[in-house]
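Student: Provided below are the primary sequence and the corresponding predicted coordinates.
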Amino acid sequence: MTHVEETYDIVIVGAGHAGCEAALAAARLGFETILFTVSMDSVALMPCNPNIGGSSKGHLVREIDALGGEMGKNIDKTYIQSKMLNVSKGPAVHSLRAQADKGEYTKEMRRTLQREPKLTLRQQEVTELLVEPVILSKAKDLSEGQQDSLPAAQNDMKAAQNDMKKVVGVRTCSGAVYHAKAVVLCTGVYLKARCIYGETISYTGPNGLSAANHLSDSMADAGIGIRRFKTGTPPRIDRKSIDFSKTVEQKGDERIVPFSFENRAEDIAREQISCWLTYTNEETHEIIRENIHRSPLYSGVIQGTGPRYCPSIEDKIMKFPDKDRHQLFIEPEGEFTDEMYLDGMPSSLPEDVQYRMVHSVPGLENAKIVRNAYAIEYDCISATELRPSLEFKKVEGLFAAGQINGSSGYEEAGAQGLIAGINAARKLQGKEPVVLSRSDGYIGVLIDDLVTKETKEPYRMMTSRAEYRLLLRQDNADLRLTPIGYEIGLIPEERYQRFLAKKDMIESEIARLESTPIGAAKETQEFLEAHNSAPLRTAATIADLIRRPEFTYETLAPLDLARPVDGVSEEVAEQINISIKYEGYIRRQKQQVEHFLKMEEKRIPENMDYSQVKNLRKEARQKLEAVRPRSIGQASRISGVSPADVSQIMLYLHL
């Protein structure tokens, strides 16, 4: 039988949020790329919540944009409501969130993919990885001195040779072969997926789309470990059947903040659509408790591990019995649909229980369910099998990104996809991979957590996971990462020059404010008194006044006669205020980063033989052999590796 046979530089498997970013990055870096999807309807699909961003996730989207990715631009084109979260708290946790028109988001991303010259979008199921053995000639990542002092590492190379493979392409369900030098797996929740509510089980992906039922077996044959995770989604209800008078309207912000640093607020402003707030009650909880034995989560039907930080409504009720109510947000799924998303009520309870549960909620007494809530189980991997570049340790040229790595969320997927696509391209370019550290961005924290710590449940990004979150704010993502995006080749020259102009303006204005004195003239004292601020008793600068909580760069304009005639943008003013007001805290955190980077610079040979390290505990040795940390810093973050174990490694390596 004759089959199609084609050759590409890079193959991307799966066109969800990870796959879209990976494919665009690879193609924009000059490589002929093919992106496979089980259905054109699943391209950038938002099968669950209809929003992009949110606490910590907004940071990821802005970092994706700062590096040259697409997610921020796409949501700016298709949002229906925008809101900045946590504004009552410090700037480190401010997070942008936008409600999306789900249908338009998918359509717009698909247009972007199809317009990319070096990118081919193909509907077909990939069923097999094509791999070949790799013959290793020498220990990798060992300096000459280390090779001499670590003979055991070289002795282990023969064993490693037996396991090491390289990917050379993929095969589809039709038998077609696509040769490639690199493959990126972005399979989302489709691998052997099954959707479950009550006793109803359908062997499909989300929204009834086809599952990918064969690739897991091929991955296992290549030596990749497979495990089972679960996530869920709430019911969708008909807008016409909701009594909004019993709910609380949630409007968007008047001042729009774009996700993309390339956009201005006035360019993307549009009329926004409201969301609505209601609550569960004791009747809701009693219905769930009475029927908990019918939940697949509790009956044993569902085997996959679910997310801790996005539990089903039945999990909430059973694990937090003291709570007398839980928030439910009624969110529109788009501008041109009456489907409303019931955020806060994911469930796998039977259909009849879902109706009773929904009807017990104020405003939803007569609600009609358009789509049942369901849980979805799927195959994924342990990301500890990956290098920080997101390349598999045992399969050269094979990368993985998104929910296949054990993460959850569109934003986490998009961030990983961008890095995987970049590094697949850089591997073909013969360049070192891009590895962001925990001090570079939330993307660095996300990937380091995944590849270092054994994630036993779907991983969700949170601001609390970032040690240096005052430095890793969403507002300065471009200042941190755009130079890296430019070096990679994803930030065009024109955008980079605009970025440099903004950076220069921030730095020059801060320097001017720090050196511009304010005298104790009568007019100044009257201005301070009018703003309930203490009078000046010693010499001060405008920067000193900005440090006072009652003042900002903008409110001090009447006293600052030397400020630029044309003023500065809101973005620049924001950076000035934060940099000056939080100067002491920022300086302290930068000192912490310096110590952190010193530990990251202490490299560990990739093929180090941990059995040769004396006084290393058995658990630590097992964990170190599994993760293969690239540095002392990464080793110290592995669960089960103690400071004493780290000290033994440093002694052994003479660090």
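Tutor: Alright, I've got the coordinates.

Student: what sits up against the helix ranked longest in the chain?
Tutor: Criterion DSSP state H: the longest helix present in the chain is helix 493-515. Applying Cβ atoms under 8 Å, 6 or more residues apart in numbering, the set of residues contacting helix 493-515 from outside is 261-262, 478-479, 482, 486, 491, 541-543, 546, 553, 560, 562-564, 568-569, 571-572, 575-576, 579-580. Just so you know, the C-beta spots here come from the backbone N, C-alpha and C atoms, and that holds for glycine as well.

Student: which residues touch R111?
Tutor: Under the criterion of Cβ under 8 Å, 6+ apart, R111 has no contact partners.

Student: Quick check: it vs K83, distance?
Tutor: As for R111, its distance to K83 is 26 Å (criterion: Cβ to Cβ, to the nearest Å).

Student: State the phi and psi torsions of the residue lying farthest from the centre of the chain.
Tutor: The outermost residue of the chain relative to its centre, with distances by Cα atoms, centre = their mean, is K522 at 52.9 Å. When read as degrees, to the nearest 10, the backbone of K522 gives phi -60, psi -40.

Student: Tell me the spacing between it and T538.
Tutor: Taken as Cβ to Cβ, the spacing of K522 relative to T538 amounts to 17 Å.

Student: Tell me the first helix or strand C-terminal of the longest helix of the chain.
Tutor: strand 517-518 (DSSP states H and E).

Student: how far does that following strand sit from the chain's center?
Tutor: 45 Å (Cα atoms, centre = their mean, to the nearest Å).

Student: same deal with stretch 249-258?
Tutor: Relative to the chain's own centre, stretch 249-258 is displaced by 23 Å; criterion: Cα atoms, centre = their mean.

Student: Show residues contacting it.
Tutor: When contacts are taken as Cβ under 8 Å, 6+ apart, the neighbours of stretch 249-258 outside the stretch itself are 72, 76, 81-84, 96, 99, 264-265, 267-269, 272-277, 329.

Student: Any buried residues in that stretch, and which?
Tutor: By neighbour count with 16 or more other Cβ atoms under 10 Å, stretch 249-258 contains the buried residues G252, I256, V257, P258.

Student: would you list the residues you listed in JSON lines and tack on pLDDT and distance to C173?
Tutor: Shown next, in JSON lines, are the buried residues of stretch 249-258 (pLDDT from 0 to 100; distance: Cβ to Cβ, whole Å):
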{"residue": "G252", "pLDDT": "97", "distance to C173": "44"}
{"residue": "I256", "pLDDT": "95", "distance to C173": "45"}
{"residue": "V257", "pLDDT": "96", "distance to C173": "44"}
{"residue": "P258", "pLDDT": "98", "distance to C173": "41"}
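
Student: Can you tell me which of the residues you listed lies closest to G640?
Tutor: V257 (41.6 Å; Cβ to Cβ).

Student: circling back: mind saving the C-alpha coords of the longest helix of the chain as PDB?
Tutor: Included here for helix 493-515 are C-alpha records, laid out as PDB according to Å, rounded to 0.1, in the frame of the first residue of the first chain:
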ATOM      1  CA  GLU A 493      13.700  45.400  15.100                       C
ATOM      2  CA  GLU A 494      11.000  48.100  15.100                       C
ATOM      3  CA  ARG A 495       9.400  46.800  18.300                       C
ATOM      4  CA  TYR A 496      12.800  46.400  20.000                       C
ATOM      5  CA  GLN A 497      13.700  50.100  19.200                       C
ATOM      6  CA  ARG A 498      10.300  51.200  20.800                       C
ATOM      7  CA  PHE A 499      11.200  49.100  23.800                       C
ATOM      8  CA  LEU A 500      14.600  50.700  24.100                       C
ATOM      9  CA  ALA A 501      13.100  54.100  23.900                       C
ATOM     10  CA  LYS A 502      10.600  53.300  26.700                       C
ATOM     11  CA  LYS A 503      13.400  51.800  28.900                       C
ATOM     12  CA  ASP A 504      15.600  54.900  28.400                       C
ATOM     13  CA  MET A 505      12.700  57.200  29.300                       C
ATOM     14  CA  ILE A 506      12.100  55.200  32.600                       C
ATOM     15  CA  GLU A 507      15.700  55.300  33.500                       C
ATOM     16  CA  SER A 508      16.300  58.900  32.700                       C
ATOM     17  CA  GLU A 509      13.200  60.100  34.500                       C
ATOM     18  CA  ILE A 510      14.100  58.200  37.600                       C
ATOM     19  CA  ALA A 511      17.600  59.600  37.600                       C
ATOM     20  CA  ARG A 512      16.200  63.200  37.100                       C
ATOM     21  CA  LEU A 513      13.600  62.800  39.900                       C
ATOM     22  CA  GLU A 514      16.300  61.500  42.300                       C
ATOM     23  CA  SER A 515      18.400  64.600  41.600                       C
END
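
Student: Any buried residues in it, and which?
Tutor: R495, F499, K502, K503, M505, I506, E509, I510, R512, L513.

Student: Redo these as a markdown table? Include pLDDT and distance to L191.
Tutor: Putting the buried residues of helix 493-515 into a markdown table (pLDDT from 0 to 100; distance: Cβ to Cβ, whole Å) gives the following:
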| residue | pLDDT | distance to L191 |
| --- | --- | --- |
| R495 | 98 | 37 |
| F499 | 98 | 39 |
| K502 | 97 | 43 |
| K503 | 98 | 43 |
| M505 | 97 | 48 |
| I506 | 97 | 46 |
| E509 | 97 | 52 |
| I510 | 97 | 50 |
| R512 | 96 | 57 |
| L513 | 96 | 55 |
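
Student: Give me the distance between the residue farthest from the centre of the chain and I224.
Tutor: Taking Cβ to Cβ as the measure, K522 falls 75 Å from I224.

Student: for Y553, same thing?
Tutor: Computed with Cβ to Cβ, the distance linking Y553 and I224 is 53 Å.

Student: higher neighbour count, the two?
Tutor: Here Y553 and I224 are compared on neighbour count by other Cβ atoms under 10 Å; more neighbours surround Y553, at 24 against 20.

Student: Going by secondary structure, R621 is in what exactly?
Tutor: Assignment of secondary structure by DSSP H and E places R621 within helix 618-627.

Student: Could you pull out the strands in the stretch 201-350 of the chain for me?
Tutor: Read by DSSP state E, counting those that start in this stretch, the stretch 201-350 of the chain holds these strands, from start to end of the chain: 227-233, 236-238, 248-250, 275-279, 327-332, 339-343.
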